[in-house]
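# Quick one, what's the 3D model for this:
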Amino acid sequence: MPKLTQLPPLSLYIHFPWCVQKCPYCDFNSHEQKSPINENNYIKTLLNDLENDLPLVWGRKINTIFMGGGTPSLFSPESIEQLLAGIRSRIPLSPNAEITMEANPGTLENERLFGFRESGLNRISLGVQSFNDEHLNKLGRIHNSEAASKAIKMAKQAGFKKINIDLMFALPNQTLEQAMLDIKTAISYSPTHISYYQLTIEPNTAFHNKPPLLPNDDLSWDIFEKGQEELAKSGFKQYEVSAYAKSGQACRHNINYWQFGDYLGIGAGAHAKITDGSQQNITRYWKNKHPKDYLTKKGGTYRAGTRTIDGHELVFEFLLNALRLNEGFSVNTYLNHTGLSENLLRERLEKSISQNLIQWDQQSHIIKTTENGKKFLNEILQQCLPN
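Residues are numbered from 1 along each chain as shown. The predicted model follows:
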């Protein structure tokens, strides 16, 4: 049984399940908006959902908020302001809380961006994906390259100091030259953060049913390596598998995930992880996935399910997140956030250490993947699975 002596930092994730249209590669809980959204009703439901979860976190404060989707930027600035005000009235927020919204460039204009900034948002994540119109069309995006460029410029004009650009690579029929032009264009706008990740074909997506022609493994690796070189030259430090940031601009919300911190989850399909010191356990729960079921509180609850993570699972789940970080994690973080023994951790990593895939520094007590280990993260995790 875990021996939890302190609680990890707490975040809040808020899910907005609607999009203008479903992208063929997307396996997230998103639903095409077929009629006007009753924003007021959804905001009220989110706040009721939060109130129901508050007994799990009495006495704790929120350090970061992340609004994801779907497309949160479909909602008006007034609705977002109402939501944030409602959250503040129910649970303390850190004075320097990071508050992020994911936004689709095709849903933004100047007035909305100024309104979002005034509502309390201080970080925006723009789902650009590419600056090539042909690739954007194949990805099913509702914006073009001009709209993407305009959104970045307007976000700066609106006062956002922290701007992330989401960028995909290894797109259908993408060449190395096209991929490099995408990354150089993103860098030219001087964002504070770039999420650079490979397009993968996921089950239950349109691309899975009708796969497009993607670059082969060798070309995809070349694109990845060249992209990393461009980012490093421009002062973007890789701190996680697909995250690159200027100094001091890493996403605090996602770092909390990767360090196995706690987070409340509200909204249709939202997931949560909460540590209970009094019960000495860690639980995950998730909310009703379909917006209709969530809004009508199907079965008299917003929750679709709950499970307690046992000790054997805990090691794997911690490593599943923490090994994504380039700088690794401290043994103390593991001890504090799982309540498990150092011996159990060593036992799970023993084989990977012997294969020079994991480095365990005995002086700093930092554990991280080696340069070779970064290429074999899935294999390392397989070796960490409970027997």
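# neighbours of the residue nearest to Q198 when sequence neighbours are not counted, just the number please.
Distances taken as C-beta to C-beta, 6 or more residues apart in numbering place A170 nearest to Q198, at 4.8 Å, with adjacent residues excluded. Backbone N, C-alpha and C define where each C-beta goes, glycine included. By other C-beta atoms under 10 Å, the residues close to A170 number 20.
# Contact partners for A170?
Contacts for A170 (C-beta atoms under 8 Å, 6 or more residues apart in numbering) come out as A179, Q198, L199, L214, P215, L219, S220, I223, F224.
# what's the nearest residue to N256 if we skip its chain neighbours?
Computed as C-beta to C-beta, 6+ apart, the closest residue to N256 that is not its neighbour in sequence is S11, at 4.9 Å.
# hang on, that neighbour packs against G261?
Yes - counting by C-beta atoms under 8 Å, S11 touches G261, with 6.4 Å between them.
# Compare those two (neighbour count), which wins?
S11 (25 against 22).
# SS state for the more buried one?
strand (DSSP: H, G, I helix; E, B strand; the rest coil).
# what's in contact with the longest strand seen in the chain?
For the chain, the strand reaching the highest residue count under DSSP state E is reported as strand 93-103. For strand 93-103, contacts defined as C-beta under 8 Å, 6+ apart pick out 61-69, 71-73, 80, 84, 87, 116, 120-127, 151, 162, 164, 251-253.
# Determine the set of other helices and strands touching the helix or strand harbouring I165.
Counting by DSSP states H and E, the element that carries I165 is strand 162-169. Using 3 or more C-beta pairs under 8 Å, 6 or more residues apart in numbering; DSSP states H and E as the contact test, the elements touching strand 162-169 are strand 93-103, strand 123-129, helix 145-157, helix 176-188, strand 193-198, helix 217-233.
# cutoff 6 Å now
In terms of contacts (3 or more C-beta pairs under 6 Å, 6 or more residues apart in numbering; DSSP states H and E), strand 162-169 is packed against strand 123-129, helix 176-188, strand 193-198.
# contact partners of that strand?
Under the criterion C-beta atoms under 6 Å, 6 or more residues apart in numbering, residues 123-129, 155, 179, 186, 191-196, 198-199, 223 lie in contact with strand 162-169.
# Check this structure and tell me which residue is nearest its centre.
N254 (5.6 Å; C-alpha atoms, centre = their mean).
# Tell me the spacing between it and F75.
22 Å (C-beta to C-beta, to the nearest Å).
# Now do the same for I201: helix, strand or coil?
I201 falls in the coil class when you classify it by three-state DSSP.
# these two touch, right, it and P212?
No - judged on C-beta atoms under 6 Å, I201 makes no contact with P212 at a distance of 8.3 Å.
# could you point out which element follows the helix or strand of the chain with the lowest mean pLDDT?
Every helix and strand of the chain was ranked by mean pLDDT, DSSP states H and E. The lowest is strand 31-32, at a mean of 86. Per DSSP H and E, the first helix or strand lying C-terminal to strand 31-32 is helix 39-53.
# relative to strand 123-129, how tilted is the helix or strand just after that following helix?
Counting by DSSP H and E, the next helix or strand C-terminal to helix 39-53 is strand 62-69. Relative orientation of strand 62-69 versus strand 123-129 (axes from the mean of the first three to the mean of the last three C-alpha atoms, to 10 degrees): 30 degrees.
# who does strand 62-69 pair up with?
Using DSSP bridges, the strands paired with strand 62-69 are strand 10-16 (parallel), strand 93-103 (parallel).
# from those strands, which stretch is densest packed?
Most buried of these by mean neighbour count (mean count of other C-beta atoms under 10 Å) is strand 10-16; its value is a mean of 24.
# what's the average pLDDT for that one?
Mean pLDDT, strand 10-16: 98.
# residues making contact with the helix or strand that that strand is followed by?
For strand 10-16, the following helix or strand on the C-terminal side (DSSP H and E) is strand 18-19. With C-beta under 6 Å, 6+ apart as the test, strand 18-19 has contacts from S30, H31, Q33, I37, G70, T71, L74.
# Okay, now the sheet partners of strand 18-19, with direction.
Applying DSSP bridges, you get strand 31-32 (parallel) as the partners of strand 18-19.
# Pretty sure G86 sits against L46.
No - the pair G86 / L46 is not scored as a contact, 7.9 Å apart, by C-beta under 6 Å.
# Which one of these two is surrounded by more residues?
More neighbours surround L46 than the other of G86 and L46, with 24 against 17 (other C-beta under 10 Å).
# For I183, list the residues it contacts.
G227, E230.
# possible to save the contacts of strand 18-19 as a markdown table with neighbour count and distance to H135?
Supplementary listing: these in a markdown table, determined by neighbours: other C-beta atoms under 10 Å; distance: C-beta to C-beta, whole Å:
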| residue | neighbour count | distance to H135 |
| --- | --- | --- |
| S30 | 22 | 20 |
| H31 | 17 | 24 |
| Q33 | 16 | 24 |
| I37 | 16 | 29 |
| G70 | 26 | 22 |
| T71 | 23 | 19 |
| L74 | 18 | 23 |
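# just to revisit the earlier point, the contacts of A170, buried ones only, as a PyMOL selection?
In PyMOL syntax, the buried subset of the contacts of A170 is picked out as below (16 or more other C-beta atoms under 10 Å):
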select buried, resi 179+198+199+214+215+220+223+224
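# so can I have a markdown table of the contacts of A170 showing pLDDT and distance to T333?
A markdown table is the format used below for those (pLDDT from 0 to 100; distance: C-beta to C-beta, whole Å):
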| residue | pLDDT | distance to T333 |
| --- | --- | --- |
| A179 | 98 | 35 |
| Q198 | 96 | 28 |
| L199 | 95 | 32 |
| L214 | 94 | 37 |
| P215 | 94 | 37 |
| L219 | 97 | 37 |
| S220 | 96 | 32 |
| I223 | 97 | 33 |
| F224 | 95 | 28 |
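# Looking at the contacts of A170, which one is closest to N372?
Taking C-beta to C-beta as the measure, F224 is the one of the contacts of A170 closest to N372, at 15.7 Å.
# got the contact list for that closest one?
By C-beta under 6 Å, 6+ apart, the contact set of F224 is empty.
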